[in-house]
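Engineer: structure, please.
(2 chains)
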Amino acid sequence: MTQLRTRFAPSPTGYLHIGGLRTALYSYLYAKKNNGKFILRIEDTDQGRYVEGAVDIIYRTLHETGLNYDEGPDVGGDYGPYIQSQRTNEYMKYAEQLVESGHAYYCFCSEERLESLPAVNGARRYDKHCLHLSKEEVAMRLERGDKFVIRQNMPTSGSTTYHDAVYGDITIENSELEDQILIKSDGMPTYNFANVIDDHLMGINCVMRGIEYLSSTPKYNLLYDAFGWERPMYIHMPPIMKDAQHKLSKRNGDASYEDLIAKGFLKEAIINYIALLGWSPKDDTEKMSFDELLAKFDISGINKSPSIFDPLKLAWLNSLYIKEMTPEAFAEYATPWLNGCYLKNFDKTLVCKLIQSRIETFAEIEEKLRFLADFGAFDNSLYDNQKQKTNADVAKEILPSVKEKFKNVEQWDNEHLYAALVELAQEKGIKNGKVLWPARIALTGLAATPGGASEIAELLGKEETLRRLEQSIANLN
RNA sequence: GGCUCCAUAGUCUAGUGGCCUAGGACGUUGGCCUCUCACGCCGAUAACAUGGGUUCGAGUCCCAUUGGAGUCACCA
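Structural biologist: Sure, this is the predicted structure:
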């Protein structure tokens, strides 16, 4: 039994988007499940689309998420180089071999001629014009230095069938297949060609990729056949959509791993969520660590239909991961989001304790804590509360006593502050809420806050608490 | 438009002919808890696209229709 070898072959055209990450994830998991190897290959045969830094994003993201490849440009391996543009001399040799065997041919057609070809069923199709050039003429034009491409010579009849592990048997009429270009006029191979050569040379026997290749796979298989090479196993995957009509795209800014991280999502949640988009473990498990994912993953759980990316469900999963962080880990991760002016006077540990269970993404922190910096005049109708039976008049009566109580609190912590407020309620013979609600409003000017009156008071500190109380009392007159 | 593929609630999904008066989750929503909010807990909500077959029996098999996706580049 030969060892399973899967690969992730992105092109460095920008961000590593979620669909690509998921492909990498599944490829990794499948390889590891079967004691196989996971290989990274950079497909940069289109020099025009090369984006500076894109390769580094790929390396970084893969390493960060734990998708460590066994072979790749930056980690080496026995089948290098792992960057397609560095393998160019190989391709021409193989293309020429195909020309020799009649599976490919030189084409000298001009752009104008190609464009003048009649459209059949809404698409232009190359007419095999140059296939019929004599050997002598080809040799002559090559010698003369004419620009040329090399095209694959597709059979005109019959059909090609292959088995896909998720979609089953796929059959395409050979007459549907165009004589695709293998070698471009700049001497570079097209993806369609390089991909097959490289996969074979690198010993890739399992190809996992997006469904966009499902219908061009017969062309690749014909190439394998022409060389007499063994065809790999195919696993195509459904797309991840933004909505029912649109694929998740790089341009939306919400589709890349880096953007999600910037929006305050945890890598564990992202991986967990995308694993579930298009795949399910068959039981009801949803929250899974990387190790559990590895244990449960199976290609039989891959779905056939497109799935829509739901940021809400991702946020829910994210909140689960946030809640299980240790206070220390949470504080450390939250630091970049806490860097606003409001933090410098407040206790970071206390702040974190209050918000950890109240956010789904780290990006929500700023809004949740804005009241720490912003405190000004607010509408006194906020004191109105049916359930606690409070209003501005009640506040006017209670607040001065609250202030006096707080003045005498020696140990400024939640426990003592809460006790002081409850004590006040008892002294007045009223319900706790009748004191707590106005106190909280007076300290924050907000109907909803990440913590109760005493917790907020602890956070604000004695000086600021008393200052705000005074201000709010003045505001009532 | 041709070809290929897909089709369970708003969304992600379980379901491989009887265990399905369709299960889980997100969302939405009612309640409990509660110093507001959130967490947590309990409950509700909502789906087999349509029409024909096959079968004793169909979400599950077949066909058609409808809807959707992918593809048809000197892009990958």
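Engineer: looking at the stretch 201-350 of chain A, which residue is nearest RNA strand B?
Structural biologist: Closest to RNA strand B within the stretch 201-350 of chain A is residue A:305: 2.9 Å, counting by C-beta to the nearest atom of the strand. For every residue, glycine as well, the C-beta is placed using N, CA and C.
Engineer: test my guess that residue A:476 contacts residue A:392.
Structural biologist: Yes: using C-beta atoms under 8 Å, residue A:476 is in contact with residue A:392, at 6.1 Å.
Engineer: in chain A, what residue is nearest RNA strand B?
Structural biologist: RNA strand B sits closest to residue A:452 of chain A, with a gap of 2.4 Å, by C-beta to the nearest atom of the strand.
Engineer: and that residue, its phi and psi?
Structural biologist: Here is the backbone geometry of residue A:452 (degrees, to the nearest 10): phi -80, psi -180.
Engineer: that older thread, so what sits against both of residue A:476 and residue A:392?
Structural biologist: Contact criterion C-beta atoms under 8 Å, 6 or more residues apart in numbering; residues shared by residue A:476 and residue A:392: residue A:380.
Engineer: which stretches of chain A have low pLDDT?
Structural biologist: Applying pLDDT under 70 to chain A flags the ranges A:1, A:47-51, A:250-254, A:340-344.
Engineer: would you map the strands across it?
Structural biologist: Assigned by DSSP state E, the strands in chain A fall at A:5-8, A:37-40, A:104-107, A:119-120, A:123-124, A:149-152, A:159-164, A:168-173, A:181-183, A:206-210, A:233-237, A:240-241, A:307-308.
Engineer: biggest helix in chain A, by residue count?
Structural biologist: Longest helix in chain A, counting residues (DSSP state H): helix A:453-475.
Engineer: hey, C-alpha coordinates of that helix in PDB?
Structural biologist: C-alpha atoms of helix A:453-475 as PDB (Å, rounded to 0.1, in the frame of the first residue of the first chain):
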ATOM      1  CA  ALA A 453     -24.200  48.700  40.400                       C
ATOM      2  CA  SER A 454     -21.600  47.400  42.900                       C
ATOM      3  CA  GLU A 455     -19.400  45.900  40.200                       C
ATOM      4  CA  ILE A 456     -19.400  49.100  38.200                       C
ATOM      5  CA  ALA A 457     -18.600  51.000  41.400                       C
ATOM      6  CA  GLU A 458     -15.700  48.700  42.100                       C
ATOM      7  CA  LEU A 459     -14.400  49.100  38.600                       C
ATOM      8  CA  LEU A 460     -14.700  52.900  38.600                       C
ATOM      9  CA  GLY A 461     -12.900  53.300  42.000                       C
ATOM     10  CA  LYS A 462     -14.000  55.400  44.900                       C
ATOM     11  CA  GLU A 463     -13.100  58.800  43.600                       C
ATOM     12  CA  GLU A 464     -14.800  58.400  40.200                       C
ATOM     13  CA  THR A 465     -17.800  56.700  41.700                       C
ATOM     14  CA  LEU A 466     -18.400  59.600  44.100                       C
ATOM     15  CA  ARG A 467     -17.800  62.100  41.300                       C
ATOM     16  CA  ARG A 468     -20.300  60.500  39.000                       C
ATOM     17  CA  LEU A 469     -22.900  60.200  41.800                       C
ATOM     18  CA  GLU A 470     -22.500  63.800  42.600                       C
ATOM     19  CA  GLN A 471     -22.900  64.700  39.000                       C
ATOM     20  CA  SER A 472     -26.000  62.600  38.500                       C
ATOM     21  CA  ILE A 473     -27.500  64.000  41.700                       C
ATOM     22  CA  ALA A 474     -26.900  67.500  40.400                       C
ATOM     23  CA  ASN A 475     -28.500  66.500  37.100                       C
END
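Engineer: that concludes my questions; thank you for your assistance.
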